[in-house]
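>>> sequence first, then the predicted structure, then my questions.
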Amino acid sequence: QVQLVESGGGLVQAGGSLRLSCTASGLTFDNYVVTWFRQAPGREREFVAATSRSGGSTSYADSVKGRFTISRDAKNTVNLQMSSLKPEDTAVYYCAADRTMVIHRTTASYDYWGQGTQVTVSS
């Protein structure tokens with residue numbers, strides 16, 4: 001059974017940092033594109049950042065470019081380091097995995113999802 005579990009969310013002041021982690025069981029992340037999405041209240045789920053199967057390629061939404069960094073580690077985990085956080089970054093953050101060769105920014109492309117972790121940035 002495949003499971004993606006996010007962790008690391010919380011409450012932080014504007015300008016602060018958080019590190020989210022997504023750990024997989026039942027699949028090997030090396031064979032998947034892994035992507036972070038987020039969803040704020042009343043808004044659609046949106047693409048945040050993704051890492052290719054090899055980890056050699058990454059992609060970021062314009063709104064987080066230069067502030068967020070996605071990375072893989074050896075423990076079947078993908079991390080999202082978030083810095084210079086803004087109140088508009090407040091959302092539930094989800095990781096998703098897709099066994100594909102290219103990075104997709106649409107939610108429909110992803111087969112596996114985590115349950116989400118709340119990030120709240122206070123002003």
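Thanks, I have the structure now. None of these values were measured; they are calculated from a predicted model.
>>> Val119: which element?
Assigned by DSSP states H and E, Val119 belongs to strand 117-122.
>>> work out the sheet partners of that strand and label each with its direction, please.
strand 10-13 (parallel), strand 91-98 (antiparallel) (DSSP bridges).
>>> tell me the most buried of those strands?
Ranked by mean neighbour count, the strands paired with strand 117-122 are led by strand 91-98 with a mean of 23 (mean count of other CB atoms under 10 Å). From N, CA and C alone the C-beta is placed, and that goes for glycine too.
>>> now tell me what touches that one from outside.
4, 6, 9, 20, 22, 24, 27, 29, 32-40, 43, 45, 48, 78, 80, 104, 107, 109-119 (CB atoms under 8 Å, 6 or more residues apart in numbering).
>>> reformat the strands paired with strand 117-122 as CSV; add distance to Ser84 and mean pLDDT.
Shown next, in CSV, are the strands paired with strand 117-122 (distance: least, CB to CB, whole Å; pLDDT from 0 to 100):
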stretch, distance to Ser84, mean pLDDT
strand 10-13, 11, 98
strand 91-98, 16, 98
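>>> next, the residue nearest the centre of the chain: secondary structure please.
Centroid-nearest residue in the chain: Trp36, 2.2 Å away (criterion: CA atoms, centre = their mean). The local conformation at Trp36, judged by DSSP: H, G, I helix; E, B strand; the rest coil, is strand.
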